[in-house]
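Peer 1: Have a look; sequence and predicted model below, questions after that.
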Amino acid sequence: MDIPAAHTKSWPRRLWEFGCSLKLAIVLASLATLLIMGGSLVMHFNPGVFGGMDRQTMGVWLPWAWQQSPHLVWWVPLSGICLALLGVNTLCCLIDWILTFTRRWRKTGEYLIHTGFILLVIAYLWGSLSGYRSGPHAIFPGERLDIPKMPGLVLHLEEFAPRFSAQGQPLDMVNRVALWQNDQLIARTELRINHPLLYDGLVILPTSLGQALTGFRFHLPPRGFVNLEAGSRLELDNGTILSIDKLLADARQTSSGGIIPLSDRLGNPAMQVTLLAPSGRSWQGWYFLRGRPPAAMVDAGALLQPIEPIFRTYSLLTVNRDPAGKLALIGSLCLSIGVVLAFFSFYRKRSRGDRPEV
């Protein structure tokens with residue numbers, strides 16, 4: 001009795017053919033697609049769990065989400081396993097093609113697509129484990145930002161000029177920045193929306209802007225208008241020095257007399273004031289700008305009447321790092337070239353009866 005050829009193959013050979021199987025690729029790709037499609041519906045109805053997914057790397061977000069709601073995120077690692085196995089399957093097919101290149105060189109387009117897919121899978125895993133996403137960071141013009149996890153690398157915001165429409169809506173965020181490494185200038189450029197700074201895997205991009213309360217404009221009889229902020233010192237007519245120690249945009253006073261800051265948004269502003277008289281006597285207290293000045297300030301002639309708040313505009317920048325960015329670019333190029341080659345070689349292979357074996 002003749003023994004079928006399939007049963008005469010060694011187990012390593014059968015395992016290798018299983019790893020190169022198109023049927024296995026179809027099963028893994030279909031399973032990953034179904035998981036991701038179903039998961040997208042779960043994401044839509046659970047923004048509390050998935051809302052920050054795109055602001056963190058998978059290596060950071062997934063452990064947190066798993067602790068919060070494992071019953072909602074189980075499909076994410078399972079999808080990743082399917083894609084990783086599909087990458088291994090694709091790698092086996094690529095190696096098998098390389099070993100028989102002289103007979104199968106006409107399939108170069110398809111296997112360039114294989115190569116691009118493998119490189120993208122590797123790049124994603126590498127970036128998820130070694131990269132990071134940081135921000136948005138609030139930075140004022142003239143300030144510097146230490147780049148996370150890259151000692152010695154500093155971003156200096158030299159100028160910030162947001163552009164607005166006639167209706168007051170922001171149109172663009174123009175940031176003129178300089179990148180320094182160990183006090184040496186390595187890059188100077190202009191950041192705008194969709195025009196990031198790219199350097200050594202870094203992607204620095206402006207996302208929005210904000211305003212921070214920095215002081216108030218007061219009317220002080222009989223002197224006139226004065227601008228005061230935290231750290232300001234003002235000599236009154238009687239020689240008393242008025243110092244602004246702290247400025248809170250929104251605060252309240254407890255029953256015990258303590259002051260609690262509530263938020264950074266303008267609400268019930270308060271200033272901590274110190275008065276130093278020529279005699280050496282001093283007083284320190286809080287002045288809630290929605291009410292009358294404390295009696296000590298009135299006696300000293302500091303009849304400050306708030307006119308308007310003074311705001312300072314800051315830029316919000318995200319700092320992301322993907323060490324596998326160049327590898328992902330190479331993978332994308334392989335995919336693009338492979339698609340073009342496969343398109344032009346399709347009819348030639350069809351005329352020869354070249355069909356894959358499932």
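Peer 2: That came in fine, so what should we check first?

Peer 1: Show me what counts as buried in the helix or strand where E17 lies.
Peer 2: Element membership for E17, per DSSP states H and E: helix 11-19. Buried residues in helix 11-19, counting neighbours by 16 or more other CB atoms under 10 Å, are found at G19. The C-beta positions use only the backbone N, C-alpha and C, and glycine is treated the same way.

Peer 1: ok, residues contacting the helix or strand that that helix is followed by?
Peer 2: Next in sequence after helix 11-19, counting helices and strands by DSSP H and E, comes helix 22-45. The contact list for helix 22-45, computed with CB atoms under 8 Å, 6 or more residues apart in numbering, reads 18, 50, 53, 72, 75-76, 78-79, 82-83, 85-86, 89-90, 93, 356-358.

Peer 1: Over to stretch 216-236?
Peer 2: Residues outside stretch 216-236 that contact it (CB under 8 Å, 6+ apart) are 214-215, 237, 241-247, 269, 271, 289, 300-310.

Peer 1: Listing request: residues of this structure with sub-threshold pLDDT.
Peer 2: The chain contains residues with pLDDT under 70 at 1-9, 104, 345-358.

Peer 1: hey, where'd the helices end up in it?
Peer 2: Using DSSP state H, the helices found in the chain span residues 5-8, 11-19, 22-45, 47-50, 58-68, 70-73, 75-99, 101-104, 108-130, 295-299, 325-351.

Peer 1: helices and strands around the fifth one, which ones?
Peer 2: By that I understand helix 58-68. Helix 58-68 is packed against helix 47-50, helix 70-73, helix 75-99, helix 108-130, with contacts defined by 3 or more CB pairs under 8 Å, 6 or more residues apart in numbering; DSSP states H and E.

Peer 1: next one: the longest one to chain centre, how far?
Peer 2: This means helix 75-99. 29 Å (CA atoms, centre = their mean, to the nearest Å).

Peer 1: what about the closest residue to L335 other than its chain neighbours, distance to P261?
Peer 2: Leaving aside its sequence neighbours, L335 sits nearest to G116 (CB to CB, 6 or more residues apart in numbering; 3.3 Å). Relative to P261, G116 is positioned 53 Å away (CB to CB, to the nearest Å).

Peer 1: What strands line up against the lengthiest strand in the chain, and which way round?
Peer 2: For the chain, the longest strand by residue count, based on DSSP state E, is strand 202-220. As defined by DSSP bridges, the strand partners of strand 202-220 come to strand 197-199 (antiparallel), strand 224-229 (antiparallel), strand 305-321 (antiparallel).

Peer 1: Could you check the angle that strand makes with helix 325-351?
Peer 2: Per axes from the mean of the first three to the mean of the last three CA atoms, to 10 degrees, the angle that strand 202-220 makes with helix 325-351 is 130 degrees.

Peer 1: re earlier: next, format the helices of the chain as JSON lines and append distance to T318.
Peer 2: JSON lines is the format used below for the helices of the chain (distance: least, CB to CB, whole Å):
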{"stretch": "helix 5-8", "distance to T318": "55"}
{"stretch": "helix 11-19", "distance to T318": "40"}
{"stretch": "helix 22-45", "distance to T318": "21"}
{"stretch": "helix 47-50", "distance to T318": "19"}
{"stretch": "helix 58-68", "distance to T318": "15"}
{"stretch": "helix 70-73", "distance to T318": "24"}
{"stretch": "helix 75-99", "distance to T318": "23"}
{"stretch": "helix 101-104", "distance to T318": "44"}
{"stretch": "helix 108-130", "distance to T318": "15"}
{"stretch": "helix 295-299", "distance to T318": "44"}
{"stretch": "helix 325-351", "distance to T318": "15"}
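
Peer 1: Name the stretch among those helices that sits most buried.
Peer 2: helix 108-130 (a mean of 20; mean count of other CB atoms under 10 Å).

Peer 1: helices or strands next to it in the packing?
Peer 2: Helix 108-130 sits against helix 58-68, helix 75-99, helix 325-351, with contacts defined as 3+ CB pairs under 8 Å, 6+ apart.

Peer 1: and W180, which of those is closest to it?
Peer 2: W180 lies closest to helix 325-351 among these, at 21.5 Å (CB to CB).

Peer 1: what's near enough to touch L125?
Peer 2: Contacts for L125 (CB under 8 Å, 6+ apart) come out as A84.

Peer 1: now with 6 Å?
Peer 2: Listed by CB atoms under 6 Å, 6 or more residues apart in numbering, the contact set of L125 is empty.

Peer 1: coming back round to it: closest to F343 out of the strands paired with strand 202-220?
Peer 2: Taking the strands paired with strand 202-220 one by one with CB to CB, strand 197-199 is closest: 31.0 Å.

Peer 1: Now do the buried residues in the closest one.
Peer 2: Going by 16+ other CB under 10 Å, strand 197-199 has these buried residues: 197, 199.

Peer 1: Mind listing residues that contact it?
Peer 2: Contacts with strand 197-199, where a contact means CB under 6 Å, 6+ apart, come from 187, 189, 191, 204.

Peer 1: Rebuild the strands paired with strand 202-220 as TSV, extending it with distance to S336.
Peer 2: Putting the strands paired with strand 202-220 into TSV (distance: least, CB to CB, whole Å) gives the following:
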stretch	distance to S336
strand 197-199	20
strand 224-229	55
strand 305-321	24
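
Peer 1: I'd like to know which of those strands lies nearest to P141.
Peer 2: In terms of CB to CB, the element of those nearest to P141 is strand 305-321, at 7.8 Å.

Peer 1: So what touches the closest one?
Peer 2: With CB under 6 Å, 6+ apart, strand 305-321 has contacts from 131-140, 160, 175, 201-219, 266, 289.
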